[in-house]
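**Student:** Mind folding the following:
(one chain, ligands or ions: 1)
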Amino acid sequence: MGTGVAQSPASSPVLRPAAGAPPPESAAQDGVLVLDFGSQYAQLIARRVREARVYSELVPGNISAEEIRRRAPRGLIFSGGPASVYEEGAPHPDPAIYDLGLPILGICYGMQLLAHDLGGVVEPASRREYGAAQLDIDDPAGIFEGIPSETAVWMSHGDIITGLPEGFRPIAHSLNSPYAAFAGPLGRFGIQFHPEVVHTPAGKQLLANFLTRVCECSLTWEPAAFVQRAVADIRARVGSGRILCALSGGVDSAVAATLVHRAVGDQLTCVFVDNGLLRRDEGRRVVEVMSHQRHINLVHVDAADRFLTALAGVTDPEEKRRRIGRTFIEVFETEARRLGDIDFLAQGTLYPDVIESTSRETPNARTIKTHHNVGGLPADLRFQLVEPLRYLFKDEVRRVGIELGLPEDMVWRQPFPGPGLAIRVIGEVTRERLEVLRAADWVVIDEIKRSGLYRKVWQSFAILTPISSVGVMGDGRTYANVVAIRIVESDDAMTADWARVPYEVLGLMSRRIVNEVAGVNRVVYDISSKPPSTIEWE
Ligand code: XMP
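**Tutor:** Numbers count the residues shown, from 1 in each chain. Presented below is the predicted three-dimensional model:
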């Protein structure tokens with residue numbers, strides 16, 4: 001699920017926002033809440049709702065009715081989930097939710113919950129229905145408005161509804177599900193299929209129908225509106241306090257800093273720790289854009305020597321990560337202390353990281369991994385955390401970045417790992433080897449951009465292998481480095497596939513690397529998927 005980039009100290013005791021404080025950057029009004037009952041698609045539902053320009057948040061399935069009333073959404077969506085509603089221990093919503101009178105769309109398990117909790121019958125199906133199915137719509141009003149009466153949907157369920165609650169009626173069926181969709185009073189709908197996945201082509205329309213026709217949400221979730229609200233939130237939160245932000249060169253911290261700067265101007269100071277492990281021109285670009293163009297107070301720390309010293313002799317990938325993390329904290333801490341009294345720390349934490357890191361908020365979701373960047377700061381640096389992107393998905397952050405006028409190359413930058421090129425120089429990291437890798441990597445990026453594929457692939461980069469191979473250049477024998485190229489497609493970095501880049505593009509990359517980068521005489525292309533490989537080699 002994760003974005004893969006270093007993020008989210010949301011679980012850090014030092015940086016946690018004051019207990020009980022409402023999320024200041026939240027904007028639940030006029031939106032819907034997605035109750036998570038453990039579906040692998042729960043996040044996707046929230047994203048799809050936002051793509052329909054309605055704000056949505058993912059909340060635990062057992063959220064109290066009281067809390068829902070406080071947040072005042074226009075409707076609820078119950079996600080799917082792996083359990084059976086009639087089993088002991090299966091997650092159910094707070095029964096008082098049904099008394100709130102809100103419209104509810106139940107998806108798959110969520111539909112079965114509605115049926116079960118309101119007096120219908122749910123039983124194991126004699127045959128599991130999984131994959132593509134045809135839906136026959138019997139009542140084209142309401143959520144099916146504008147959708148063809150026979151339409152393809154994606155099913156994945158082992159239970160089936162055999163009796164509807166009183167007052168409910170079937171509105172669609174499929175071969176195996178007599179009640180593939182139902183409607184009840186108060187705008188309550190259940191659908192046995194998944195509208196959030198691409199295999200349900202009418203899913204978007206269905207969600208839009210529910211949001212606008214049933215919940216009567218207005219379509220206000222736009223980058224400009226977000227910026228306006230976030231700026232007001234930040235101002236209210238920070239007051240006249242001083243705020244610090246660590247820039248990494250990536251889009252998240254750049255957008256967070258720019259938002260904060262728009263809100264509180266010179267009360268913000270950014271610290272950019274240049275660890276010497278960045279790609280060509282990256283450090284220069286951060287200074288140019290943030291300091292020269294946007295006039296943000298920026299402390300640029302050239303700490304390359306320090307990081308290289310810390311990495312001397314280290315070949316183990318995890319040890320590299322540890323030393324880089326530790327050195328970052330030392331450098332950042334020194335700068336923070338030097339700046340004197342700082343009240344707040346701004347971070348570019350994104351919603352997927354919040355969802356993953358805080359099992360408290362979504363107890364049914366699997367915790368996959370928690371990335372830290374400044375999570376390990378010493379206890380006496382007691383900043384309060386400001387996370388203006390805490391409720392945004394990555395694509396939304398990019399749209400906000402564009403709205404704020406950040407340059408496209410920064411906004412569309414591919415994910416880059418916190419430990420940078422150190423985990424792409426396999427074996428010991430030295431200044432010389434970093435230079436070789438940086439030059440080769442630049443060719444890969446340059447060519448993938450020229451081919452028009454840069455935004456279509458997840459990541460594209462070079463790796464400097466610890467292998468030397470024999471080659472021939474001119475009349476002479478060479479014995480030089482082997483560079484690997486890694487280009488992958490992915491949605492979320494949890495799984496990935498090697499990209500089928502045209503041979504011509506790979507050929508150009510190879511020719512240019514061998515010609516332009518001294519010390520390289522061979523280039524190979526990595527054709528492994530994740531799993532079982534990972535995206536990075538270390
Ligand atoms: P793997 O190699 O685990 O990478 O398939 C998945 C995604 O995470 C990024 N990555 C990291 N990001 N610190 C980070 O901030 C790390 O230590 C780290 N290791 C891997 C990787 O670039 C990919 O996008």
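
**Student:** Next to the ligand, which bits of the stretch 401-538 of the chain? Give me the list.
**Tutor:** By the rule Cβ under 6 Å from any ligand atom, the part of the stretch 401-538 of the chain lying against the ligand is Pro415, Pro417, Gly418, Pro419, Gln459, Ala493, Lys530, Thr534, Ile535, Glu536. All C-beta atoms are positioned from the backbone trio N, CA, C, and that covers glycine.

**Student:** How about the secondary structure of the first one?
**Tutor:** Okay, so that is Pro415. Here Pro415 is recorded as coil under DSSP: H, G, I helix; E, B strand; the rest coil.

**Student:** any idea how far it is from Phe344?
**Tutor:** From Pro415 over to Phe344 the distance is 26 Å, taken as Cβ to Cβ, to the nearest Å.

**Student:** Ala96 falls within a helix, correct?
**Tutor:** Yes. Per three-state DSSP, Ala96 lies within a helix segment.

**Student:** Out of the residues of the stretch 401-538 of the chain next to the ligand, which sit inside helices?
**Tutor:** When these are checked against helices (DSSP state H), there are no matches.

**Student:** what ranges of the chain fall below the confidence cut-off?
**Tutor:** 1-29, 356-381 (pLDDT under 70).

**Student:** Regarding it, what is its longest strand?
**Tutor:** strand 121-137 (DSSP state E).

**Student:** Show me what whichever helix or strand comes after that one is packed up against.
**Tutor:** Following strand 121-137 in sequence order, the next helix or strand is strand 150-163 (DSSP states H and E). When contacts are defined as 3 or more Cβ pairs under 8 Å, 6 or more residues apart in numbering; DSSP states H and E, strand 150-163 packs onto helix 109-117, strand 121-137.

**Student:** now with 10 Å?
**Tutor:** For strand 150-163, the packing partners by 3 or more Cβ pairs under 10 Å, 6 or more residues apart in numbering; DSSP states H and E come out as helix 109-117, strand 121-137, strand 169-173, strand 188-191, helix 203-209.

**Student:** Now do it: distance to the chain's middle.
**Tutor:** Here strand 150-163 is found 29 Å from its chain centre; the criterion is Cα atoms, centre = their mean, to the nearest Å.

**Student:** Over to stretch 393-403?
**Tutor:** For stretch 393-403, the distance to the chain centre is 11 Å (Cα atoms, centre = their mean).

**Student:** again with stretch 147-162
**Tutor:** 29 Å.

**Student:** Find the residue closest to Thr212 in space, skipping its chain neighbours.
**Tutor:** Leu219 (7.3 Å; Cβ to Cβ, 6 or more residues apart in numbering).

**Student:** and the one you found, what does it touch?
**Tutor:** With contact set as Cβ atoms under 10 Å, 6 or more residues apart in numbering, Leu219 has these partners: Asp30, Ala52, Arg53, Val54, Ala208, Leu211, Thr212.

**Student:** what sits against the last one?
**Tutor:** Neighbouring residues of Thr212 by Cβ under 10 Å, 6+ apart: Ala52, Arg53, Val54, Glu145, Ser218, Leu219.

**Student:** Which one (most neighbours) among the residues you listed?
**Tutor:** Greatest neighbour count in the contacts of Thr212, by other Cβ atoms under 10 Å, goes to Val54: 25 neighbours.

**Student:** Test my guess that that residue contacts Val32.
**Tutor:** Yes. Judged on Cβ atoms under 10 Å, Val54 makes contact with Val32 at a distance of 6.4 Å.

**Student:** shared neighbours, these two?
**Tutor:** Pro73, Arg74, Gly75, Leu207, Phe210, Leu211, Cys215, Cys217.

**Student:** more crowded one of Pro415 and Phe344?
**Tutor:** Phe344 (22 against 18).

**Student:** residue contacts, the residue in the stretch 201-350 of the chain that the ligand sits nearest to?
**Tutor:** The ligand sits closest to Arg321 of the stretch 201-350 of the chain, with a gap of 5.1 Å, by Cβ to the nearest ligand atom. Arg321 is in contact with Ala6, Val314, Pro417, Gly418, Pro419, Ala422, Ile423, Glu538, counting by Cβ under 10 Å, 6+ apart.

**Student:** What are the structural domain limits within the chain?
**Tutor:** Listed by automatic domain parsing, the domain ranges of the chain are 24-214, 223-411, 424-525.

**Student:** Endpoint to endpoint, the last one covers what distance?
**Tutor:** Yep, that's domain 424-525 we're talking about. 14 Å (Cα to Cα, to the nearest Å).

**Student:** Ile171 and Ile137 touch, don't they?
**Tutor:** Yes. With contacts counted by Cβ under 10 Å, Ile171 reaches Ile137, the gap being 7.0 Å.

**Student:** Touching both of these two, which residues are there?
**Tutor:** Common neighbours of Ile171 and Ile137 (Cβ under 10 Å, 6+ apart) are Ile143, Phe144, Ala180, Ala181.

**Student:** I figured Trp458 hits Ser490, correct?
**Tutor:** Yes. Using Cβ under 10 Å, Trp458 is in contact with Ser490, at 3.9 Å.

**Student:** Need the overlap of contacts for those two.
**Tutor:** Contacts common to Trp458 and Ser490, judged by Cβ under 10 Å, 6+ apart, are Gly4, Pro415, Ala496, Asp497, Ala499, Ile535.

**Student:** For the last one, give me its contacts.
**Tutor:** Taking Cβ under 10 Å, 6+ apart as the contact definition, Ile535 lies against 4, 415, 417, 458-459, 461, 486, 488, 490, 493-496, 498, 526, 528-529.

**Student:** for the fourth one, same thing?
**Tutor:** Taking Cβ under 10 Å, 6+ apart as the definition of contact, the neighbours of Asp497 are Trp458, Val488, Glu489, Ser490, Ile527, Ser528, Ser529, Lys530.

**Student:** what's across from it in the sheet?
**Tutor:** Beta-bridge pairing for Asp497 (DSSP bridges): Glu489.

**Student:** From Ile77, how far out is it?
**Tutor:** Counting by Cβ to Cβ, the gap from Asp497 to Ile77 is 30 Å.

**Student:** Can you lay out the shared contacts of Val54 and Val32 as a markdown table showing distance to the ligand?
**Tutor:** As requested, the shared contacts of Val54 and Val32 are arranged in a markdown table below (distance: Cβ to the nearest ligand atom, whole Å):
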| residue | distance to the ligand |
| --- | --- |
| Pro73 | 33 |
| Arg74 | 36 |
| Gly75 | 35 |
| Leu207 | 29 |
| Phe210 | 34 |
| Leu211 | 32 |
| Cys215 | 36 |
| Cys217 | 34 |
